[in-house]
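Turn this into a model:
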Amino acid sequence: MPEKQQTENPATEQQLTVASAGESGLLARIFPLLPEGTATLLGPGDDAAVVAAPDGRVVVSIDTQTQDQDFRLHWNNGYASTGHDVGWKSAAQNLSDMNAMGAVPHSLLISLTLPPSTPVAWVEGFARGVHDAVRTLGADVAVVGGDLGRGREISVTATAMGNLAGAAPALRSGARPGDVVAVAGTLGRAAAGFALLESDVPFGSLDAPQRALMDAQCRPTPPLGSGPRALAAGVTAMMDVSDGLLKDASRLARASGCTLVLDAVVLASFAAALLPAATLLAGAGHAAEALALGWAVGGGEDFALLSTFPGSDPVPDGFTVIGSVVPTAPGRDHDAVLAGGSGDDAPDTTRGWDHFGAA
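Next up is the predicted model:
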């Protein structure tokens, strides 16, 4: 059906919604805001895009964010998610998947489902968020196309494509006993930020370190470029941490047929950076330290890079050794375990995020 043109009572710039702008008007506003990349041979405007594939292979991944499932427009602490936040996160989490395979990302396809009442300014902010994430994270990536649709809630689905430049992809299944476990990026910051967003503490009262943790949830910064560097350094297995360190390390352990032993003492150094939020929400002392460690080992969405390397070789710059790979004991499941300073298994505080689990 032809798009109905708005001819009466035009909305002001402040009141303009996607319904009053129409699909063509909305596209005309957001196309100029989206990033462009050198791999694009034919970008938005036709029925499909054309991108270069000099390697002869294309690495492809897809992720969806849905309102009130993956983000909130209005959080409990009073913060309102901007279009910029949601656009940034959509780009970041998809580019992280490319990084986890050792690929260099070059293209994004984005499908937006929007209620008719969505302000056009919010959608423009979304486009700017995608652009700013791509450029800030140092990627040569273009949005080459996508889709606009109408729905009851905002939903964003993005497909990322990347290039391996002749290398074999990094898989989850290559870890072997004797390897070390290492991460690039941060752990637990997004989880701490999520806890602040869901808390009763007004966001306007947060200090700079606490706001930085909140920003880590809304606008994560995965360590792009670490994946290709890990490939060059002989990485044996790799994945990004999206659902929690223990949960994702367990997935890698099962895929590789071994056990990953994670050092709680080393992970406590990541947890120390989360104390500004933990102390606010749990009080000072052991309770705050335990809460912070729980975020570090169970929180996802920092999109850190979890990797294993041969134990005889140094890990690349930017990676921190957090454990080791050992044979799975007879009668035990392939899994990841958190070991305390004494070497005894310490109980984990959370097993991470499950889209279909209990809230």
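
Need the per-residue pLDDT for V235.
Note for V235: predicted pLDDT of 98.

Look up how far L148 lies from the nearest residue in space to V241 that is not next to it in sequence.
Leaving aside its chain neighbours, V241 sits nearest to A304 (4.5 Å; criterion: C-beta to C-beta, 6 or more residues apart in numbering). Placement of C-beta: from N, CA and C, glycine included. Going from A304 to L148 by C-beta to C-beta, to the nearest Å gives 33 Å.

And S111, by the same measure?
8 Å.

repeat for F126
F126 sits at a distance of 11 Å from L148 (criterion: C-beta to C-beta).

which residues do those two both contact?
Residues touching both F126 and L148 (C-beta atoms under 8 Å, 6 or more residues apart in numbering) are L112.

between those two, who's got more neighbours?
F126 (27 against 16; other C-beta atoms under 10 Å).

and that one, what element?
F126 is part of helix 120-136, with elements assigned from DSSP states H and E.

Flag every buried residue along that helix.
With burial defined by 16 or more other C-beta atoms under 10 Å, the residues of helix 120-136 counted as buried are 120-134.

Now do the strands in the stretch 251-359 of the chain.
Applying DSSP state E, counting those that start in this stretch to the stretch 251-359 of the chain gives strands spanning 259-263, 304-309, 319-326, 336-339.

right, so of the ones you listed, which gets closest to P44?
With C-beta to C-beta as the measure, strand 304-309 is the member of these nearest P44 (30.5 Å).

Span of stretch 322-332 from start to end?
End-to-end distance for stretch 322-332, by C-alpha to C-alpha, to the nearest Å: 22 Å.

Name the surrounding residues that touch that stretch.
Against stretch 322-332 from outside (C-beta under 8 Å, 6+ apart): 175-183, 253, 256-263, 266-267, 308, 311, 334-335, 339.

Leaving out sequence neighbours, find the closest residue to T38.
Sequence neighbours aside, D140 is the residue nearest to T38 in space, at 5.8 Å (criterion: C-beta to C-beta, 6+ apart).

quick one: contacts for the one you found?
Neighbours of D140 in contact, by C-beta under 8 Å, 6+ apart: 37-39, 104, 106.

before we move on, what about T136?
T221.

ok, now how distant is it from I110?
Noted for T136: a distance of 18 Å to I110, by C-beta to C-beta.

now S226
24 Å.

residue ranges of the helices in this protein, please?
In the chain, the segments counted as helices under DSSP state H are 18-30, 83-100, 120-136, 189-198, 208-218, 226-232, 245-256, 264-272, 275-282, 286-298.

now the angle between helix 208-218 and the third one, please.
Following axes from the mean of the first three to the mean of the last three C-alpha atoms, to 10 degrees, one obtains 100 degrees for the angle between helix 120-136 and helix 208-218.

Pull the distance from helix 120-136 to the chain's centre.
Here the centre of helix 120-136 is set off from its chain's centre by 16 Å, with C-alpha atoms, centre = their mean, to the nearest Å.

Would you tell me which one of the buried residues of helix 120-136 comes nearest to R57?
V134 (22.0 Å).

Can you pull out the low-pLDDT segments for the stretch 251-359 of the chain?
Scanning the stretch 251-359 of the chain with the threshold set as pLDDT under 70 gives 341-359.

How is this protein divided into domains?
18-163, 180-339 (automatic domain parsing).

Indicate which one of these is closest to L171.
Going by C-beta to C-beta, the one of the domains of the chain nearest L171 is domain 180-339, 6.4 Å.

roughly how far apart are the residue nearest the centre of the chain and D140?
Geometric centre of the chain, nearest residue: Q93, 3.2 Å, by C-alpha atoms, centre = their mean. Per C-beta to C-beta, Q93 is found 18 Å from D140.

now G151
Relative to D140, and taking C-beta to C-beta, G151 is found at 32 Å.

For stretch 145-155, buried residues please.
145-146, 148, 154-155.

Touching it from outside, list them.
By C-beta under 8 Å, 6+ apart, stretch 145-155 touches 23, 26-27, 43-44, 48-49, 64-68, 73, 86, 109-116, 118.

Drop anything exposed from those residues.
Using 16+ other C-beta under 10 Å, the buried members of the contacts of stretch 145-155 are 26, 43-44, 49, 65, 67, 73, 86, 109-114, 118.

Looking at these, which one is closest to T320?
Q65 (28.5 Å).

quick one: the residue lying closest to the closest one once chain neighbours are set aside and A142, what's the gap?
Distances taken as C-beta to C-beta, 6+ apart put V156 closest to Q65, at 4.7 Å, once the chain neighbours are dropped. The gap separating V156 from A142 is 17 Å, by C-beta to C-beta.

residues in contact with the residue nearest to V241?
Contacts of A304 by C-beta under 8 Å, 6+ apart are 183-187, 222-223, 240-241, 245.

would CSV of the strands of the stretch 251-359 of the chain with distance to A168 be doable?
Formatted as CSV, those follow (distance: least, C-beta to C-beta, whole Å):
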stretch, distance to A168
strand 259-263, 22
strand 304-309, 15
strand 319-326, 19
strand 336-339, 24
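
A277: which of the ones you listed is closest?
strand 304-309 (17.7 Å).

sorry, back to before: would you mind checking the contacts of stretch 322-332 for buried ones?
So, by 16+ other C-beta under 10 Å, the buried ones in the contacts of stretch 322-332 are 175, 179-183, 253, 256, 258-263, 267, 308, 334-335, 339.
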